[in-house]
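> Sequence first, predicted model second:
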Amino acid sequence: MLEKKLNNIESGWNFDNSYRKLPNILYTKIKPIPVKNSNLVYFNKDLAEKLGLNFTNLSKKYLSDMFSGNILPENSEPIAQAYAGHQFGHFTMLGDGRGILLGEHISPNNKKVDVALKGSGKTPYSRNGDGRASLGPMLREYIISEAMYGLKIPTTRSLAVTTTGEIINRETPLEGSILTRIASSHIRVGTFQYLSMKGDIETLKKLVKYSLERHYPEETIIRNPAITLLESVISKQISLVINWMRVGFIHGVLNTDNVTISGETIDYGPCAFMNIYNPLTVFSSIDHQGRYSFNNQSIITHWNISRFAETLIPLIDSDEKKAIKIGEEIINQFQNNFKIQWVNMMRDKLGFFNHENEDEIFIQKLLEWMYKNKADYTNTFLYLINNKLIQGDMYNLDSFKEIKNQWEKRILKNNLSLDLSKRKMNSNNPFVIPRNHMVEKSLNNILENKDYKLFKNILKICKNPYIKSKNNNVLNNLPDPIDENKYKTFCGT
């Protein structure tokens, strides 16, 4: 009884649950299915403090039960959300098949965030699944989402990981686990697709209004809410994907149900970071056609946003032909806007301040050199900054010396000090990324030996990836090219 009282009064939970005020076609009220023997294996203290949560007076067992769904925080009102999605181009009616939204917590700075459990059991949307998750993928989401946060890329975050004391059956028996995910919201392109397929225009209007109020309250509605939301989401998605490409991130499963209206990265299943530069890089075990390759991320985002625009046609104009024309005009600006922002991002990585006509030619020449010589994407930019931690025989080639000489001449056209250019580069080029082989090693250490040492070390390093430090050496080591070519990631479903 004491712990329950402390949880309600002193822990800091402050639930609002505005999504439940929308029509119930968007969700099903449901509680997490209790687990056999919960155990808290990892907890994000920094994130908890940022959210205004204080669990110091609660036992580990109590926290384990709370983060596994056995105990619900006061005023939480659990639901499973309904949504649809194009998965690898094929439309499917979906929903939270293994996730439950506990509610919306309001932090001390008045920021509203979703608190959701991933792996919390069957829901009406589970289809033939068991609604559970295994420990490896949940820890993977934890480490990659926190690394993305350190890289200053919009992302959902992980608050806690628990084990359930249960075995779940996949290809092999695996240890059950639940992840507590924090997000600006879980509203997706697929949420709008769900209502569109249901033909529920009135609820669609309400969802547009709700999404604007929650995520884009600063936007002035000049034409109509649907157009404002469409343009806002396009802007956020372009910025997000360009940030991914800035650090060599490949999402791996960029279906419409994984495209958030808030512009946050969500779902860290078959994602990975590119080492050797190859625009066709794919790590996902199920992406046989390269649909979600590194370079295709802009094309697929354009495609996904087009599906979003289709759902809004009835709200753009009462005249369908006119609405389609307006929607097409907005969507047709995507590629040009993306290219402009991508070139600007590459200029930032190269330390260029002003715009020169030859910049695009130089950028393409550098990328072609990287591709031809199988150069590491992250390290090549660091080498231009003269980072002595980075070694590589290819950087002694005459072809690279020529590129570096061109880069140095271009830097002079900034008419600014070299130090300012390098500062710009240092703020846009991480010294470390969560190298895939090291992430896998850390997860294997946990799954095989319950050894969290490397996992913790990687998390610590990834908190400050733009700071040069000899302590980062564990993530400076590159994988064997043969192993890298064989590396595959999985959905974890």
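Here it is on my side, so go on.

> the helices in the stretch 1-150 of the chain, which residues?
2-10, 45-50, 60-68, 135-150 (DSSP state H, counting those that start in this stretch).

> hey, where'd the helices end up in the stretch 301-450 of the chain?
Going by DSSP H, counting those that start in this stretch, the stretch 301-450 of the chain shows helices at 320-331, 334-350, 359-373, 377-384, 398-412, 418-428, 436-449.

> Any stretches of the stretch 251-400 of the chain with poor pLDDT?
288, 387-391 (pLDDT under 70).

> and the helices of the stretch 1-150 of the chain, which one is worst for confidence?
Mean pLDDT across the helices of the stretch 1-150 of the chain is lowest at helix 2-10; the value there is a mean of 54.

> Thr311 and Ile201 touch, don't they?
No: counting by Cβ atoms under 8 Å, Thr311 stays clear of Ile201, with 10.3 Å between them. For the C-beta atoms, the positions are set from N, CA and C on the backbone; glycine is no exception.

> of these two, who's got more company?
Shown here are Thr311 and Ile201; by other Cβ atoms under 10 Å, Thr311 has more neighbours (24 against 12).

> so who does the more buried one touch?
Going by Cβ atoms under 8 Å, 6 or more residues apart in numbering, Thr311 touches 189, 192-193, 195-196, 204.

> can you rerun that using 10 Å?
84, 189-197, 204, 207-208, 226, 230, 256 (Cβ atoms under 10 Å, 6 or more residues apart in numbering).

> Pop the domain breakdown of this structure in here.
2-183, 189-342 (automatic domain parsing).

> can you list those domains in a markdown table and add distance to Asn414?
Formatted as a markdown table, those follow (distance: least, Cβ to Cβ, whole Å):
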| stretch | distance to Asn414 |
| --- | --- |
| domain 2-183 | 23 |
| domain 189-342 | 20 |
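
> Longest helix in this protein, by number of residues?
The residue-count maximum for a helix in the chain (DSSP state H) belongs to helix 225-247.

> longest strand of the chain?
strand 157-169 (DSSP state E).

> Given that one, what are its sheet partners and their directions?
strand 39-43 (antiparallel), strand 173-183 (antiparallel) (DSSP bridges).

> how far off helix 60-68 does that strand point, in degrees?
90 degrees (axes from the mean of the first three to the mean of the last three Cα atoms, to 10 degrees).

> Just the C-alphas of strand 157-169, formatted as PDB.
Only the C-alpha atoms of strand 157-169 are listed here, as PDB (Å, rounded to 0.1, in the frame of the first residue of the first chain):
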ATOM      1  CA  ARG A 157      12.900   7.200 -26.900                       C
ATOM      2  CA  SER A 158      13.100   4.200 -24.600                       C
ATOM      3  CA  LEU A 159      12.300   4.600 -20.900                       C
ATOM      4  CA  ALA A 160      12.600   1.000 -19.700                       C
ATOM      5  CA  VAL A 161      13.100  -2.600 -20.700                       C
ATOM      6  CA  THR A 162      11.800  -5.500 -18.700                       C
ATOM      7  CA  THR A 163      11.800  -9.200 -19.100                       C
ATOM      8  CA  THR A 164       8.500 -11.100 -18.500                       C
ATOM      9  CA  GLY A 165       9.700 -14.500 -17.100                       C
ATOM     10  CA  GLU A 166       8.000 -16.100 -20.100                       C
ATOM     11  CA  ILE A 167       9.400 -17.800 -23.200                       C
ATOM     12  CA  ILE A 168       8.000 -16.700 -26.600                       C
ATOM     13  CA  ASN A 169       8.200 -18.900 -29.600                       C
END
